[in-house]
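In: When you get a sec, could you give me coordinates for this:
(one chain, ligands or ions: 1)
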Amino acid sequence: MQAVKNTLAKALYSQIIGKFGKEPPPPEQLAEMLEYPPDPQMGHLAFPCFKLSRDLRMGPPMIAAKLAEDLSCDYISECSVAGGYLNFRIDSAAFVKHVMTDIEKKGERFGSPECGQGKTVVLDYSSPNVAKPFHIGHLGTTVIGHALRLLHEFAGYKCVGVNHLGDWGTQFGKMIVAYRKWGDPEKVANGGCDGLVELYVKFHEEAEKDASLNDEARAEFTKLEQGDEENLKLWQLFLDISLKEYRITYDQLGIEFDSYMGESHYFDKAPAVAEELKEKGLLVIDDGASIVNLDEYNMPPCLILKKDGSTIYPSRDIAAAFYRKNTYDFDKCIYVTSAGQSLHFAQWFKVVELMGYDWAKDLVHVPYGTVSINGEKLATRTGNVILLRDLFSTAIEKVAGIVNEKSPDLEGKEQVAEAVGVGAIVFHYLANNRMRDINFNIEDALSFDGNTGPYAQYTYARCCSLLEKAGEISTDCDYGVCGTPELELAMTVSRFGERVEDALKEYEPSYITRYILDLCTAFNRMYHECKILNAEDEVRTARLKLVAATKTVLGTALHLICMKTPNKI
Ligand code: ARG
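Out: Next up is the predicted model:
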């Protein structure tokens, strides 16, 4: 669509000079002023004349009428005046041909803004706290984070995905104490995260009765920080057990990280940060702890070292940012976490800025809202948590039931059930603006009829099946036969690039999810209203080309939001 907008903007630019003898805003700006009318009956594109009114000293309707006189432009078949608007209808033959040629040339790169060439982005996402449950609250950081990674990759950026594991802190002291006192080595080794969580919960129960356990835990953690071999071995064990389990979930989502360097890699680098802050006169001692005062910026102080000199979440984050800048020389470093951590990031980003590093402006925090399931809020403390793993298996089971009933002979049934079950959850989650608080309803997510993941994947499979049945499609095609459904489908296809740009600009994968639904609607309209395989030769070719284009774009779009695309469902 951008090509049409640009061509039209140039035509409007010359027209304004021709009719008014005045220099209008440059074509790029005019292109941005073009709108999509709410109802395609009015036109496919509209140009509002209100902003030109002052410079041209004329009422918007008059301007529109004057500009409409003998305006001619490629791709545009009709131009009409409605109040202060110029409405344009697109010439379907020329336009569909343009879109189809473009997509055939670019293939899977169709829609990429290609703005990331030569640039590097580090994305820090998922990053669960080891030995604590990997629950539905992590769905956001995991899928928003990965979708942002895929979007940046699609735009040509070199991406480094980092899982900044919460693998350091006093909780490991607690785990070590609990393991030695109550842990059954065999049970723990085979018990996955559940076994670790059990120990963690047991520790808290016992510590309620006997507070000295907390001191013991602190002492064990200090030993760990000092490199005690036995403690390090246990820490590694907890880490391995957790990672093994996380990987199952990551595999289901098709996620791979480039680095699993978590907090444990930075505790020994954070003291240097404190040293530098001291040299730069930014460090203040407050009640024994080292802090950076941020009063001037209306924020509470950023804690750098605790009373006992040990490092903490913010100082490890600063140390990690230095490490990443030095290692990857990033153009941007993106952190995806719940909105509850917004202050934490604002604080330490400010500290990096105050230290005089201009790349502080390249640190981006991407927050998201809360999740509840079927109306119930999550509460980690009371144990009312839904694990991501369990959520996925419930969805997979339900889909497997449907598949077994409807297509018992489907090849690779298990993989399909997994792709559709997990995809349904992801799609449902990413359908909303990330800042919105979400109430998750599993039944809704899994429906094949609504605006859901299964519906989108099913539409994709429908394209595949049509193309398979069609066999070879002739290369020549007369797009003059295209009617309204074809034109509207081609227009939707052509808008993909704009949605990708919006998603990148606002770090908002939901643009893609909603785009997928628009594309499915436009496609299914053609599918239901028009014959495809049994249509006359020329028409058949044109429609099949549109099916192929839909398949390409729908496939790319689904992949961008971490969804798999089975050919058959
Ligand atoms: N481990 C943290 C949590 O689960 C998230 C870490 C986010 N990344 C970071 N660099 N702070 O809350």
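
In: Around the ligand, pick out the residues from the stretch 101-250 of the chain.
Out: When proximity is defined as Cβ under 6 Å from any ligand atom, the stretch 101-250 of the chain approaches the ligand at 124, 127-129, 164, 166. Just so you know, the C-beta spots here come from the backbone N, C-alpha and C atoms, and that holds for glycine as well.

In: Give me the subset of those residues that lies in strands.
Out: Within these, residues falling in strands by DSSP state E are residue 124.

In: just the residues of the stretch 101-250 of the chain next to the ligand now: which is nearest residue 203?
Out: Of all those, residue 129 has the smallest distance to residue 203: 14.7 Å, by Cβ to Cβ.

In: Number of residues surrounding that closest one?
Out: Neighbourhood size, residue 129 [other Cβ atoms under 10 Å]: 17.

In: May I have the beta-bridge partners of it?
Out: Beta-bridge pairing for residue 129 (DSSP bridges): residue 166.

In: OK, contacts around it?
Out: Contacts for residue 129 were tallied using Cβ atoms under 8 Å, 6 or more residues apart in numbering; they are 165-167, 171.

In: Tell me where the model's unsure across the chain.
Out: Residue ranges of the chain with pLDDT under 70: 375-384.

In: Near the ligand, which residues of it? Just list them.
Out: Residues of the chain found near the ligand (Cβ under 6 Å from any ligand atom) are 124, 127-129, 164, 166, 317, 335, 337.

In: got CSV for the residues of the stretch 101-250 of the chain next to the ligand, with distance to residue 490 too?
Out: Shown next, in CSV, are these (distance: Cβ to Cβ, whole Å):
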residue, distance to residue 490
124, 39
127, 41
128, 43
129, 48
164, 43
166, 48
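
In: The residues of the stretch 101-250 of the chain next to the ligand: which two are farthest apart?
Out: Farthest-apart pair in these is 124 and 129; separation 14.1 Å (Cβ to Cβ).

In: ok, the nearest residue to residue 248 once chain neighbours are set aside to residue 193 distance?
Out: Sequence neighbours aside, residue 389 is the residue nearest to residue 248 in space, at 6.9 Å (criterion: Cβ to Cβ, 6 or more residues apart in numbering). Applying Cβ to Cβ, to the nearest Å, the value for residue 389 to residue 193 is 8 Å.

In: follow-up on the earlier one: among the contacts of residue 129, which one lies nearest to the ligand?
Out: residue 166 (3.3 Å; Cβ to the nearest ligand atom).

In: Would you mark the buried spots in stretch 313-321?
Out: Under the neighbour-count criterion of 16 or more other Cβ atoms under 10 Å, stretch 313-321 has 314-321 buried.

In: Stretch 299-311 now?
Out: 301-305, 310-311.

In: swap in stretch 404-417?
Out: 410, 416-417.

In: now, which of these sits nearest the ligand?
Out: Nearest member of the buried residues of stretch 404-417 to the ligand, counting by Cβ to the nearest ligand atom, is residue 417, at 29.6 Å.

In: Toward the C-terminus from the helix or strand where that closest one lies, list the very next helix or strand.
Out: Per DSSP states H and E, residue 417 falls inside helix 413-430. Going down the chain from helix 413-430, the next helix or strand is strand 438-440, by DSSP H and E.

In: Can you list the strands that that following strand pairs with?
Out: Strand 438-440 has these strand partners (DSSP bridges): strand 371-373 (parallel).

In: where does residue 54 fall, phi/psi-wise?
Out: Per-residue torsions, residue 54: phi -70, psi -50 (degrees, to the nearest 10).

In: ugh, typo on my part, it should be residue 127
Out: phi 40, psi 60.

In: from memory residue 467 sits against residue 545, does it?
Out: No. With contacts counted by Cβ atoms under 8 Å, residue 467 stays clear of residue 545, the gap being 10.3 Å.

In: between these two, who's got more neighbours?
Out: residue 545 (25 against 16).

In: how about the more buried one, what does it touch?
Out: Here residue 545 is in contact with 100, 473, 477 (Cβ under 8 Å, 6+ apart).

In: hmm, 10 Å instead?
Out: Residue 545 makes contact with 96-97, 99-101, 103-104, 473-475, 477, 479, 482, 486, 490 under the criterion Cβ atoms under 10 Å, 6 or more residues apart in numbering.

In: Most neighbours among those, please name it.
Out: Sorting the contacts of residue 545 by how many neighbours each has (other Cβ under 10 Å) puts residue 490 first, at 29 neighbours.

In: so which helix or strand takes in the residue nearest to residue 248?
Out: Judged by DSSP H and E, residue 389 forms part of helix 388-406.

In: Buried residues, stretch 423-432. List them.
Out: Under the neighbour-count rule (16+ other Cβ under 10 Å), stretch 423-432 has 423-431 buried.

In: sorry, back to before: between all of the buried residues of stretch 299-311, which two are separated the most?
Out: Between all members of these, the farthest pair (by Cβ to Cβ) comes out as 301 and 310, at 17.1 Å.

In: quick revisit: ok, of the buried residues of stretch 404-417, which one's closest to residue 240?
Out: After measuring the buried residues of stretch 404-417 against residue 240 - Cβ to Cβ - the closest member comes out as residue 417, at 29.1 Å.

In: Contact partners for the residue lying closest to that closest one once chain neighbours are set aside?
Out: Among residues not flanking residue 417 along the chain, residue 400 sits closest, at 3.9 Å (Cβ to Cβ, 6+ apart). By Cβ under 10 Å, 6+ apart, the residues touching residue 400 are 393, 413-414, 416-418, 420-421.

In: The residue nearest to residue 302 when sequence neighbours are not counted: how many residues sit nearby?
Out: Among residues not flanking residue 302 along the chain, residue 347 sits closest, at 4.2 Å (Cβ to Cβ, 6+ apart). Residues lying near residue 347 (other Cβ under 10 Å) number 19.

In: ditto for residue 216
Out: Neighbour tally, residue 216, other Cβ under 10 Å: 18.

In: surely it meets residue 170?
Out: No. Counting by Cβ atoms under 10 Å, residue 170 is not a contact partner of residue 216; they are 11.2 Å apart.

In: what kind of secondary structure is the closest residue to residue 200 other than its chain neighbours in?
Out: The shortest distance from residue 200 to any non-neighbouring residue, by Cβ to Cβ, 6+ apart, is to residue 131 (5.9 Å). Look at residue 131: counting by DSSP: H, G, I helix; E, B strand; the rest coil, its state is coil.

In: for the closest residue to residue 430 other than its chain neighbours, what are its contacts?
Out: Once flanking residues are discounted, residue 430 sits nearest to residue 513: 4.6 Å by Cβ to Cβ, 6+ apart. Taking Cβ under 10 Å, 6+ apart, we find residue 513 in contact with 147, 426-432, 451, 453, 456, 499, 503, 557-558, 560-561, 563.

In: which SS class is residue 304?
Out: Residue 304 is classified as strand under three-state DSSP.
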